[in-house]
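Enquirer: Dropping the sequence and predicted coords here.
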Amino acid sequence: MSIFSKIANGEIPSYKCAENEEFYAFLDINPLVKGHTLVIPRREVDYIFDMEDSELARFEVFAKQVAIAIKAAFPCVKVGQAVLGLEVPHAHIHLVPMQSEKDMNFANPKLSLSTEEMQAIASKIYQEFTKA
Ligand code: AMP
């Protein structure tokens, strides 16, 4: 089972931002900026483009709903989306609130935030997500 499957089923703790029956969103533990979130399917699949068309479409719509919640919680110019998947073999979309394109540079140093700060960020996004 992938580390992200264990996160989605609660075996490994995470900072939950949003969820439904099929998908789960949580904070990246090495955030580029405050609000950097990962969105995953609960179903284990490594490569995003191996997902069947309708599942991929639902995944993207869920990511859109999470992006709306992130933007409401952390005002930004736009929420950027990126798919890398070179480290963890479980499909995931990075959602990053951007003030400029520099915020999407994955070579940037990552923020080091306390557990309390991470919890507060996740709660803010979760509140916005559940408002909709
Ligand atoms: P990549 O597969 O290249 O998209 O990178 C995987 C991303 O997952 C990195 O940004 C990591 O910081 C993040 N990550 C890895 N393990 C965890 C975890 N346990 N909780 C939250 N984020 C994680």
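Expert: That came in fine, so what should we check first?
Enquirer: Give me the neighbour count for residue 83.
Expert: Other residues lying near residue 83 total 11 when counted by other C-beta atoms under 10 Å. For glycine as for every other residue, the C-beta is placed from the backbone atoms N, C-alpha and C.
Enquirer: Could you identify the longest helix within the protein?
Expert: helix 53-73 (DSSP state H).
Enquirer: Name the nearest residue to the residue nearest to the spatial centre of the chain, ignoring sequence neighbours.
Expert: In the chain, the residue lying closest to the centroid (C-alpha atoms, centre = their mean) is residue 38, at 1.9 Å. Leaving aside its sequence neighbours, residue 38 sits nearest to residue 92 (C-beta to C-beta, 6 or more residues apart in numbering; 4.7 Å).
Enquirer: got the contact list for the one you found?
Expert: 4, 38-40, 48, 83, 85 (C-beta atoms under 8 Å, 6 or more residues apart in numbering).
Enquirer: do residue 3 as well
Expert: Counted by C-beta under 8 Å, 6+ apart, residue 3 has contacts 12, 88, 90.
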